[in-house]
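Asker: next one to model:
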Amino acid sequence: MQKSIVKVALDVPLNCLFDYLSDDSALAVGQRVLVPFGRRNQIGIVMGFSQSSDISVEKLKSVKQAFLNETPLDAEILKLIQFSAEYYQYPLGQAVMSALPARLRQVTPAVARKQFAYRLTDFGRSQTAAQIPKRRLVTQRVFLALLANHTLSEAELDLISSSARKAAKQLEADGWVCAKQVHFAQRVAEIPATTVPELNDEQQLAVAQVVKDLHHFKAWLLHGITGSGKTEVYIRLMQHVLKQAAAQVLVLVPEINLTPQLQARFRSRFSGIPLVSLHSHLSESERLHHWQLAQSGEAKIIIGTRLSIFTPLPHLKLIIIDEEHDGSYKQQDSMRYHARDVALVRAKWLNIPVVLGSATPSLESWHNATTLATGLKTTNKYHLLSLNQRAVSAAQLPIIDCIDTTKVNLQQGFTPQLIEALKLRISRGEQSLLFINRRGFSPVLLCSACHWIAPCTRCSSRLVVHLGQRKLRCHHCGYEQKIPNQCPSCGNADLHPTGHGTQRLEQTLAQLLPAARIARVDRDSISKKNALVEILDKVHRQEIDILVGTQMLAKGHDFPNLTLVGVIDADSALHSPDFRASERLFAQLMQVAGRAGRADKPGQVIIQTQFPEHVLFNALRRQDYSSYANAMLRERQQMQFPPYVFLALLRAEASDFNLVHKFLSYAFRVARELNTKAVVYDPIRPQMERLKGMERGYVLMQAGNRGVLQALLCKLMTQLRGHSISVKVRWAIDVDPLEF
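Answerer: As a prediction, this is how the structure comes out:
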């Protein structure tokens, strides 16, 4: 039988495809295959077929196994990955393989874990919750949920509690419940279906405008103040789209902690419509199962984080990007893509609408959507939809007060005004949120004698005090050590934590307000699966008075009884050398302020700052994003920063800085010689010169249009890959970087 030459993409750092022989006529583009590579076997994806090869046919190896029982990746998703690999200057094979679930990158056949659904037996239906011991609270909740919903999947049990599956299995052992293997889990009512809210005029107009052009590509920027009902607009648009036969909707969220909340909201409104989530907190088998359901078209609603943009969706009709401004959509290693930008490309190719929602749009999106600022060069690539009033008619925007910390006596980091406000909320039975974007107990361990500060031995940073564990920990590399009994520099025993983190705020509040029920939400406190869901459930059940947390709590959450937000230590970003720092701070504070007063109770925000009259805080008090964004755009235009220019960053690191310097100096010379239309800046070191034991540096390149920059990068990459020093350093190109 005639053998054909197969072009295969492999997970190796070489920007090429590899040729193999195959006599299997059923083999298709996008098929997963097992091939020999060097001394081992590797999984690859068939990218095409050829009549010839640069290698003689006699030397070509054959495909060992083709997984013909699996649906191949479709042409649309392969084209999208190839475009992304080219634009972000990343090897195609690694880009293709990184878009797959981990199980599909393994040599063994991909088999999803069996899924089960649980329902009550006749015997179980004859029982009552009172017969379950009171100490088995989760078991009672599972039983009541089964009574109400008849059937619960494993994913739905997880929304009840992290131990709900164990409770269901115990009920099965007792004969109350029977389990049945299922291919797909249907809806769960973690929150019961609620009365559908009426849309206000602004929401109705937004929905009507998108629906009018539902079958064409348009990029819509939904700019709505916090609490304006953007999620309800998403739901109405999804309802219109899902009326079509076999339609699918992709909803992108920036962070994992927003996924369970949206799932519960959507499931209460889309009863019986298959919905899956895709994020890194799923097990490998769960992610594969959900991915396959999306690829088959069986899942109609897909909620996921940034990697979900590369999920094969044969009937995709609408893409929604919630909190589109969020930096989490930008991948910071491997292929440094921006999911929002890739989503726009995908929507344009499919000729479908994409909705970008935010209370504080990125300046790039605002630039693309507005002509509000006279004299600004804008593009009008997006269509602006505005929601300027809160969805709940009785809800008003919170009052924002900036307290000058230089003029009051702080009590363990708290102003008297904030302490009184917290006491008032507790007396009213209302809830409060304290926001500080720093976890741990204290950011610094300081010697009172010689002013020694505990450094990280692997990074250009300080070790953070985690007092509960008696540890000093680096939040960049994970290095940790015990808290020393005396100063390593001078021997002084008076070492004291300086500054505040979430743990210290939690401890201080327990001392100041001993009757308050306090919960902390940061990466340390929610490391266990479903820990965040359980905390948020307690908030909704009014079992928590004060939430202390980082930016995990700053966006997306809706707490009707929360009326006070306190912001601790927000000034550090005002002095950052990063030109995006003020944009990020304004967005962060607007988002966290929006958690207050979302129902019928008035809200208040208290910001502790040394600069209460700063232009940023003045705009924040007025809650005037538009004027502040336009002012920042004027600055960007004058300074020639994005979105008025396009940037690329060549990053390099090695254990020896001399190697980094040689590599970057060579890259700088080559880039200067290759293109005179682009500006290439001298090699410099970043603010954090050493990270995880690696010495770092970079070269910044800038151009007035994407084409000039891409042409330079393509030529530069070829030169760099061919140079001997490139294998001695770890390096990468970051196109459209967000962090410097």
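Asker: and residue 147, how far from residue 177?
Answerer: 11 Å (CB to CB, to the nearest Å). In this view, the C-beta of every residue, glycine as well, is placed from N, C-alpha and C.
Asker: what sits in contact with each of these two?
Answerer: residue 120 (CB atoms under 8 Å, 6 or more residues apart in numbering).
Asker: show me the contacts for the closest residue to residue 143 other than its chain neighbours.
Answerer: Counting by CB to CB, 6 or more residues apart in numbering, residue 143 lies nearest to residue 129, which is 5.5 Å off, once chain neighbours are set aside. With contacts defined as CB under 8 Å, 6+ apart, the neighbours of residue 129 are 140, 143, 144.
Asker: neighbour count winner among residue 147 and residue 177?
Answerer: residue 177 (22 against 14; other CB atoms under 10 Å).
Asker: pretty sure the more buried one sits against residue 123.
Answerer: No - the pair residue 177 / residue 123 is not scored as a contact, 9.5 Å apart, by CB atoms under 8 Å.
Asker: residues making contact with the one helix or strand residue 698 maps to?
Answerer: Secondary structure assigned from DSSP states H and E places residue 698 in strand 694-703. The contact list for strand 694-703 (CB under 8 Å, 6+ apart) reads 640, 645-657, 660-661, 664, 667-668, 671, 677-686, 688-690, 709, 712-713, 730, 740.
Asker: so how do I select the buried members of these in PyMOL?
Answerer: Applying 16 or more other CB atoms under 10 Å to the contacts of strand 694-703, the buried members can be selected in PyMOL as follows:
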select buried, resi 645+646+647+648+649+650+651+652+653+654+657+660+661+664+667+668+671+678+679+680+683+685+686+690+709+712+713+740
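Asker: now, the contacts of strand 694-703 that are in strands?
Answerer: Judged by DSSP state E, strands contain the following of the contacts of strand 694-703: 646-654, 679-680, 690, 730.
Asker: thinking again about what came up before, separation between the residue nearest to residue 143 and residue 147?
Answerer: 8 Å.
Asker: what about the helix or strand that contains residue 503, average pLDDT?
Answerer: According to DSSP H and E, residue 503 maps onto helix 502-512. Here helix 502-512 scores 92 as its mean pLDDT.
Asker: for beta bridges, what are the partners of the closest residue to residue 93 other than its chain neighbours?
Answerer: Excluding the flanking residues, the one nearest residue 93 by CB to CB, 6+ apart is residue 9, at 4.0 Å. According to DSSP bridges, the partner residues bridging residue 9 are residue 45.
Asker: my guess is residue 9 meets residue 97, correct?
Answerer: Yes - taking CB under 8 Å as the definition, residue 9 is a contact partner of residue 97 at 7.1 Å.
Asker: which residues do those two both contact?
Answerer: Common neighbours of residue 9 and residue 97 (CB under 8 Å, 6+ apart) are 44, 45.
Asker: for residue 80, give its distance to residue 87.
Answerer: Here the criterion is CB to CB. By it, residue 80 lies 11 Å from residue 87.
Asker: same deal with residue 133?
Answerer: Using CB to CB, residue 133 is found at 59 Å from residue 87.
Asker: now residue 517
Answerer: Taking CB to CB, one finds residue 517 at 50 Å from residue 87.
Asker: compare the two (neighbour count), which wins?
Answerer: residue 87 (19 against 13).
Asker: return the residues in contact with the more buried one.
Answerer: 337, 710, 735.
Asker: in a markdown table: those residues, plus distance to residue 47.
Answerer: What follows is those, written out as a markdown table (distance: CB to CB, whole Å):
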| residue | distance to residue 47 |
| --- | --- |
| 337 | 19 |
| 710 | 22 |
| 735 | 22 |
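Asker: who wins for neighbours among those?
Answerer: residue 337 leads the contacts of residue 87 on contacts (other CB under 10 Å) with 26 neighbours.
Asker: rewinding a little: name every strand pairing with the helix or strand just after the helix holding residue 503 and say which way it goes.
Answerer: Once the chain leaves helix 502-512, the next helix or strand it forms, by DSSP H and E, is strand 518-521. Strand 518-521 has these partner strands in its sheet, going by DSSP bridges: strand 546-549 (parallel).
Asker: so for the strand it pairs with, mean pLDDT?
Answerer: Mean predicted lDDT for strand 546-549 stands at 91.
Asker: what does the helix or strand following that strand rub up against?
Answerer: Using DSSP H and E, the helix or strand that follows strand 546-549 towards the C-terminus is strand 562-567. Strand 562-567 is contacted from outside by 398, 418, 421-422, 425, 428, 430-436, 539, 547, 589, 592-593, 595-598, 601-608, using CB under 8 Å, 6+ apart.
Asker: nearest spatial neighbour of residue 19, skipping sequence neighbours?
Answerer: Using CB to CB, 6+ apart, the closest residue to residue 19 is residue 53 (4.3 Å).
Asker: repeat that for residue 500.
Answerer: residue 413 (4.8 Å).
Asker: helices and strands around the helix ranked longest in the chain, which ones?
Answerer: The longest helix of the chain (DSSP state H) is helix 657-674. Counting contacts by 3 or more CB pairs under 8 Å, 6 or more residues apart in numbering; DSSP states H and E, helix 657-674 is packed against strand 646-654, strand 679-680, strand 694-703, helix 706-721.
Asker: those helices in the stretch 1-150 of the chain, which residues are they?
Answerer: Here the stretch 1-150 of the chain has its helices, by DSSP state H, counting those that start in this stretch, at 75-87, 92-98, 122-125, 137-149.
Asker: let me know which of these is the nearest to residue 719.
Answerer: Proximity to residue 719 (CB to CB) singles out helix 75-87 among the helices of the stretch 1-150 of the chain, at 17.1 Å.
Asker: just the C-alphas of that closest one, formatted as PDB.
Answerer: Output of helix 75-87 as PDB, limited to C-alpha atoms (Å, rounded to 0.1, in the frame of the first residue of the first chain):
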ATOM      1  CA  ALA A  75      -9.600  23.200  10.800                       C
ATOM      2  CA  GLU A  76     -10.900  26.300  12.500                       C
ATOM      3  CA  ILE A  77      -9.200  25.700  15.800                       C
ATOM      4  CA  LEU A  78      -5.900  24.600  14.100                       C
ATOM      5  CA  LYS A  79      -6.000  27.900  12.000                       C
ATOM      6  CA  LEU A  80      -6.500  29.900  15.200                       C
ATOM      7  CA  ILE A  81      -3.600  28.200  17.000                       C
ATOM      8  CA  GLN A  82      -1.300  28.600  14.000                       C
ATOM      9  CA  PHE A  83      -2.200  32.300  13.800                       C
ATOM     10  CA  SER A  84      -1.500  32.800  17.500                       C
ATOM     11  CA  ALA A  85       1.800  30.900  17.300                       C
ATOM     12  CA  GLU A  86       2.900  33.200  14.400                       C
ATOM     13  CA  TYR A  87       1.800  36.400  16.000                       C
END
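Asker: from the chain's centroid, how far away is it?
Answerer: 21 Å (CA atoms, centre = their mean, to the nearest Å).
Asker: what do you get for stretch 498-508?
Answerer: 26 Å.
Asker: just to revisit the earlier point, out of the helices of the stretch 1-150 of the chain, deepest packed?
Answerer: Ranked by mean neighbour count, these are led by helix 92-98 with a mean of 22 (mean count of other CB atoms under 10 Å).
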